[in-house]
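J.: From the sequence below, what's the structure:
(3 chains)
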Amino acid sequence: MPTVVSLTTDFGTADWFVGAMKAVIAGIAPDAHLIDITHGIAPGDIRTGALALRAAVPWFPPGSIHVAVVDPGVGSERRAIAIRTPHACFIGPDNGLLTWAATDIEEIRVLANTSLFLQPVSHTFHGRDIFAPVAAHLAAGHPFSDLGPAIESHEILPWPTPVIAASIIHGEVVHVDHFGNAITNIPAEHLPGDTCARVTCGPFAAPLRASYAAVAPGEPVAVRGSTGLLELAVRDGSAATVFGIARGAAVEVAL
Amino acid sequence: MPTVVSLTTDFGTADWFVGAMKAVIAGIAPDAHLIDITHGIAPGDIRTGALALRAAVPWFPPGSIHVAVVDPGVGSERRAIAIRTPHACFIGPDNGLLTWAATDIEEIRVLANTSLFLQPVSHTFHGRDIFAPVAAHLAAGHPFSDLGPAIESHEILPWPTPVIAASIIHGEVVHVDHFGNAITNIPAEHLPGDTCARVTCGPFAAPLRASYAAVAPGEPVAVRGSTGLLELAVRDGSAATVFGIARGAAVEVAL
Amino acid sequence: MPTVVSLTTDFGTADWFVGAMKAVIAGIAPDAHLIDITHGIAPGDIRTGALALRAAVPWFPPGSIHVAVVDPGVGSERRAIAIRTPHACFIGPDNGLLTWAATDIEEIRVLANTSLFLQPVSHTFHGRDIFAPVAAHLAAGHPFSDLGPAIESHEILPWPTPVIAASIIHGEVVHVDHFGNAITNIPAEHLPGDTCARVTCGPFAAPLRASYAAVAPGEPVAVRGSTGLLELAVRDGSAATVFGIARGAAVEVAL
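T.: Just a heads-up that it's a prediction; the model follows:
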């Protein structure tokens, strides 16, 4: 069974950057199965990169290797790291990008074994020269313990925890997706089982329903989204466009 | 020989949705060969999704499995179906999306075998929770007959048949592609073998020629397109931009 | 070890064109490992296609096959060719697209063995009907010498060589990437080892530094880029946007 290697970057797909990373991986681990999570993270947007990983990683087979490169600090002193969890390995810059997806951490190592890097290492494209080859060597069976020295901690990106009171939850929008749905930081398990809850976000106000299809076309609706988080939507439309919802907008759930 | 599984969605590539679908497939059918047809269908645009499938599917090897998700009715009562033809299987919502590609149908089944779904099934992302795993189980050898009960009919999206008279064909634009070429509903086999035909569409007027290169740069031209349909083009330019051609525009071929 | 087949086109990803090419390849060479370099080349932009190939190809494993289709002359008399080098094969139109990547050429052949094409060949989509199947047959082991007659020369796209004087280098911007970095035609090996050099491009003026991170956020900087060429950047920003830099802009390096 081929090892799955996922890729998540802010490189876009107009240039050759992702292709170069995949070429490096194919040379080292020819049987690896490459899966793009996304290359559409806005340049330097570590938070959205972290969220994409958090949302996608649980669906990968055990033993997958996740390479993530949203790396505005490339060439600086920021460390390159690898994280091992019971289900996966993560490779990327130590800037918080990996923290929301890499849970139950068993081991963190600094990427210091330069024999696994391409040489010479450029100062501007560690995706190609460090992260891709290290991930490929792991996929080809190289031991995790040989990547570099173990470290005790890494850069943490704090998850914006919602405030849950007796009759109200205060949260925020953490992502607006391709459809204009607004994904919040409010976990579905904190939402009431019945459907009395009312969700507001600026001019957006809607009941909590089981699916988009529970309201008429064009109507606003709140749902338990597929990432396990409350989502604000407009059926057959864009909540972001209709209600001007953007990341960071305050959301309230009246229980 | 690995089974090919194609994916066609309106999910875009900025989020993690396609990656999550592929992760699910890789977990169930590790040897499947995944090929993206497109994820750039406009949200909810079933017609363009159906056209993309119609245009791409004939070029796939026999036995390919085509997963298509343009599914504005997700979470509603619309059925999820699988269609078997002599050359391929199709998996998707029963909303007409599959009808232009799935010809010579041998068998249609409702996806009702929930043991093949991810559990729990979300109400908003059947691509990940139903369509991807069912396609993967098929790719891994699970029998088609076990997907759910057979049904006699499914939702049909009517093809906009052109009107063919003695000296004129009345058709319409069914798609404007990335190059600004306007693809029509007029089959190439209804066009005359010689090159006397004149094609008009609003301000666009051009002769029927063998290729774009038969006219000077910047000049309009009509060709038998690579999908077997009449196309309106501008050499080294965009017919859509130059002549303001959009989907649905009326096209006339004077024979 | 599966043969890697790379794809570089101006087809975009909104339509089914790339999917159709991959389907054809999968039918002929089921074990080929397909890697997209990019499909985001602007329509007909041969120069950027050639640059993407030049930048990506060196990172592929030996024996890779590179299919490139930026082909405004499709259907005209322009030839379709294959080029063999010590490390790779290239398949594409004879319009200069392959010349910056295909160095140390050992053999050039015109694609004339029509038994390797799909039949009938369309006049508008040789990517699907000629280039993809020929590449796939090569990947499946078909001999290069059987593709068609050898030729002595092919269409050359001249590289815009910079002018190097005693105390100044005159070059130009050859590409603006997804991040707004401006890649120039000035090879890194012509730049001084120290950091006294000053780089200007219209209103852009910056020192040559080792990495983006060597300057403060928002500040301009020039670096030896990952393609071996001088790049103009703004840390955590877009040089293209901030300074209005576009392809073709004159660049000066004062040594």
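
J.: Between the two ends of stretch A:169-186, what distance do you get?
T.: 8 Å (CA to CA, to the nearest Å).

J.: make that stretch A:180-189, sorry
T.: 23 Å.

J.: For it, give me every contacting residue.
T.: A:51, A:159-162, A:169, A:171-177, A:201, A:204, A:224-225, A:227-234, A:237-242, A:245, A:249, A:251, A:253 (CB atoms under 8 Å, 6 or more residues apart in numbering or on different chains). To be clear about C-beta, it is placed using only N, CA and C from the backbone, and glycine gets the same treatment.

J.: Could you give the average pLDDT over it?
T.: Here stretch A:180-189 scores 96 as its mean pLDDT.

J.: Could you give me the buried positions within that stretch?
T.: In terms of neighbour count (16 or more other CB atoms under 10 Å in any protein chain shown), stretch A:180-189 has its buried residues at A:180-188.

J.: And the contacts of stretch A:180-189, which of them are buried?
T.: A:51, A:162, A:169, A:171-177, A:201, A:204, A:224-225, A:227, A:229-234, A:237-240, A:245, A:249, A:251, A:253.

J.: Test my guess that A:I245 contacts A:A239.
T.: Yes: with contact defined as CB atoms under 8 Å, A:I245 reaches A:A239; the gap is 5.5 Å.

J.: Now the common contact residues for the two.
T.: Common neighbours of A:I245 and A:A239 (CB under 8 Å, 6+ apart) are A:182, A:204, A:232.

J.: can you list the residues you listed in CSV and add secondary structure?
T.: Listed next are the shared contacts of A:I245 and A:A239 as CSV, based on DSSP: H, G, I helix; E, B strand; the rest coil:
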residue, secondary structure
A:A182, strand
A:F204, strand
A:L232, strand
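
J.: What residue in the stretch 151-255 of chain A comes nearest to chain B?
T.: Nearest to chain B in the stretch 151-255 of chain A, going by CB to the nearest CB, is A:S211, at a distance of 2.5 Å.

J.: Share the number of residues neighbouring A:P143, please.
T.: By other CB atoms under 10 Å in any protein chain shown, the residues close to A:P143 number 8.

J.: Okay, it and A:P86: tell me how far apart.
T.: 17 Å (CB to CB, to the nearest Å).

J.: which residues touch A:F131?
T.: So A:F131 contacts A:21, A:67-69, A:80, A:91-93, A:111 (CB under 8 Å, 6+ apart).

J.: Next: A:P86.
T.: Here A:P86 is in contact with A:104, A:106 (CB under 8 Å, 6+ apart).

J.: now swap in A:I164 and tell me
T.: Contacts of A:I164 by CB under 8 Å, 6+ apart are A:170, A:190.

J.: beta partners of it?
T.: Beta-bridge pairing for A:I164 (DSSP bridges): A:I169.

J.: for chain C, what are the nearby residues on the stretch 151-255 of chain A?
T.: Contacts of the stretch 151-255 of chain A with chain C, taken as CB under 8 Å from any CB of the partner chain, are absent.

J.: Give me the subset of the contacts of stretch A:180-189 lying in strands.
T.: Assignment to strands by DSSP state E places the following of the contacts of stretch A:180-189 there: A:169, A:171-176, A:201, A:204, A:224, A:229-234, A:251, A:253.

J.: how many neighbours does whichever residue of the stretch 1-150 of chain A sits closest to chain C have?
T.: Evaluated by CB to the nearest CB, the stretch 1-150 of chain A has A:G75 as its residue closest to chain C, separated by 2.5 Å. Using other CB under 10 Å, A:G75 has 21 other residues around it.

J.: what's the answer for A:L255, then?
T.: So A:L255, with other CB under 10 Å, has 16 neighbours.

J.: Find the nearest non-adjacent residue to it, please.
T.: Of all residues not flanking A:L255 in the chain, A:S167 sits nearest, at 5.2 Å (CB to CB, 6 or more residues apart in numbering or on different chains).

J.: Write out the residues of the stretch 1-150 of chain A neighbouring chain B.
T.: A:1-2, A:4, A:6, A:8, A:13, A:33, A:35-40, A:52-53, A:55-56, A:59-61, A:64.

J.: Make a ChimeraX selection of the buried ones in those.
T.: Per 16+ other CB under 10 Å, the buried members of the residues of the stretch 1-150 of chain A next to chain B correspond to this ChimeraX selection:
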select /A:4,6,8,13,33,35,36,37,38,39,40,52,53,55,56,59,60,61,64
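
J.: Any part of stretch A:235-250 near chain B?
T.: Yes: using CB under 8 Å from any CB, stretch A:235-250 reaches chain B at A:236, A:238.

J.: How far away from the center of its chain is that stretch?
T.: 21 Å (CA atoms, centre = their mean, to the nearest Å).

J.: Residues touching that stretch, excluding its own?
T.: So stretch A:235-250 is contacted by A:170-176, A:179-182, A:201-204, A:212-213, A:215-221, A:232-234, B:43-44, B:72 (CB under 8 Å, 6+ apart).

J.: Go again with 7 Å.
T.: A:170, A:172-176, A:179-182, A:201-204, A:212-213, A:215-221, A:232-234, B:44, B:72 (CB atoms under 7 Å, 6 or more residues apart in numbering or on different chains).

J.: what's the answer for stretch A:56-70, then?
T.: Outside stretch A:56-70, the residues that reach it (CB under 7 Å, 6+ apart) are A:3-10, A:37, A:41, A:44-46, A:49, A:53, A:87-92, A:97-98, A:101, A:127, A:131-132, A:135, A:138-139, B:16, B:19-20, B:23-24, B:26-27, B:128.

J.: and those residues, which are buried?
T.: Using 16+ other CB under 10 Å, the buried members of the contacts of stretch A:56-70 are A:3-10, A:37, A:41, A:44-46, A:49, A:53, A:88-92, A:97-98, A:101, A:127, A:131-132, A:135, A:138-139, B:16, B:19-20, B:23-24, B:26-27, B:128.

J.: how close does the nearest residue to A:S153 once chain neighbours are set aside sit to B:T48?
T.: The shortest distance from A:S153 to any non-neighbouring residue, by CB to CB, 6+ apart, is to A:I108 (7.4 Å). From A:I108 across to B:T48, the span is 46 Å (CB to CB).

J.: higher neighbour count, the two?
T.: More neighbours surround B:T48 than the other of A:I108 and B:T48, with 24 against 21 (other CB under 10 Å).

J.: Hmm, that one is touching B:V176, no?
T.: No: taking CB atoms under 7 Å as the definition, B:T48 is not a contact partner of B:V176, at 9.7 Å.

J.: Compute the first-to-last residue distance for stretch A:37-53.
T.: 8 Å.

J.: same deal with stretch A:57-66?
T.: OK, stretch A:57-66 end separation, CA to CA: 8 Å.

J.: That one - what's its average pLDDT?
T.: 98.

J.: and what of stretch A:241-255?
T.: Rounded mean pLDDT across stretch A:241-255 is 96.

J.: what are the C-alpha coordinates of that stretch, in CSV please?
T.: Only the C-alpha atoms of stretch A:241-255 are listed here, as CSV (Å, rounded to 0.1, in the frame of the first residue of the first chain):
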residue,chain,number,x,y,z
THR,A,241,-21.8,38.1,-0.4
VAL,A,242,-25.4,38.5,0.8
PHE,A,243,-24.5,39.5,4.4
GLY,A,244,-21.0,40.8,4.0
ILE,A,245,-19.5,38.2,6.4
ALA,A,246,-15.7,38.0,6.6
ARG,A,247,-13.2,36.2,8.7
GLY,A,248,-13.2,37.5,12.3
ALA,A,249,-16.8,38.6,12.3
ALA,A,250,-18.5,38.0,15.7
VAL,A,251,-21.1,35.3,15.8
GLU,A,252,-23.7,34.7,18.5
VAL,A,253,-25.8,31.6,19.2
ALA,A,254,-28.8,32.2,21.4
LEU,A,255,-29.7,28.9,23.0
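
J.: Regarding A:T184, what is its secondary structure?
T.: Taking three-state DSSP, the label given to A:T184 is strand.

J.: partner residues bridging it?
T.: A:V173.

J.: For the residue of the stretch 151-255 of chain A closest to chain B, grab the count of nearby residues.
T.: 18.
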